[in-house]
Every structure is written in C-alpha cells, then in structure tokens.
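Asker: Sharing a sequence plus its predicted fold:
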Amino acid sequence: MSREEAYLKMLESTAAIQWNISMILEAKAVEAEKVKEWTHHHIHPRAFETHEDQLKESLTIHETIVELLEGMTKLENGLVSNLKAVLDTGEEEESGGGLGGLGDLGGLTAGGLSFGEDEK
C-alpha cells in the first residue's frame, strides 16, 4: 500500500469515526432531554431532606455530564492529531503536492484550519 493510499484510508476512517460520534451525540441529546424532564420533576426541595442532599444529587448529575464531555473531547483531540499528521506530511512533500495532489485537501491546509489550540 502506498503512502497516499494509507493517508486516504486514515481520512476515510476518521470520517467514519466522526459519523459514529455524531450518532452518539444525537442519542445523547435525546437522553439529555429525558434527563432534563426527569430532573425538573424530581430534583426539587420537597424530594430531599436537606438542601445539602439536593445539592449532592445535582452535582452527581453534572459530574456525569462533564465526564461524557471530557471523553468526547479527548477522542476529538486524538482525531485532530491524526489529521494534523496527514496535513503536515502533505505540506512537507513539496514535489507532487503530497497525497497524490490532495496535500491541501481542496484548499484546506493545516495553516488554514483552526484546531482549537489558539483558543487555549
């Protein structure tokens, strides 16, 4: 398998992973709506003996949501590093434009994409 074919397989795999992530996020959005309805009906002062108990339950729910978001962020950062490797290699190969002429991926180079590093 040539280098270009390997890069294209990486990109195809990344696209498939992104599709699966979108499906997961869609399912999580539906689940989040159900959780929201449940919390509106069950997380109120009358359901708990003390305000501290109510706060603990609310924090548990929020911690679960934060853990989910952290996991998805780590997954996306891993995908970004793979894409950056492909894009950087395409720029380094001056002859032929790398990736069999797909080095810029339709005008999108690593310098033209924001990977969120500037926002940190």
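Answerer: That came through, no problem. Numbering: from 1, shown residues only.

Asker: Could you use CA atoms for every contact and neighbour count after this?
Answerer: OK.

Asker: The residue lying farthest from the centre of the chain: what secondary structure?
Answerer: Ranked by distance from the centre of the chain (C-alpha atoms, centre = their mean), the top residue is residue 49, with 39.1 Å. Recorded secondary structure, residue 49: coil (DSSP: H, G, I helix; E, B strand; the rest coil).

Asker: how much space is there between it and residue 56?
Answerer: Look at residue 49 and residue 56: by C-alpha to C-alpha, to the nearest Å, they are 12 Å apart.

Asker: Tell me which residue lies nearest the centroid of the chain.
Answerer: For the chain, by C-alpha atoms, centre = their mean, the most central residue is residue 76; offset 3.5 Å.

Asker: any idea how far that one is from residue 68?
Answerer: 12 Å.

Asker: packing partners for whatever helix or strand residue 88 lives in?
Answerer: Counting by DSSP states H and E, the element that carries residue 88 is helix 51-92. Contact here means 3 or more C-alpha pairs under 8 Å, 6 or more residues apart in numbering; DSSP states H and E; on that basis helix 51-92 packs against helix 3-42.

Asker: what angle do the helix it packs on and helix 51-92 make?
Answerer: Between helix 3-42 and helix 51-92, the angle comes out at 170 degrees (axes from the mean of the first three to the mean of the last three C-alpha atoms, to 10 degrees).
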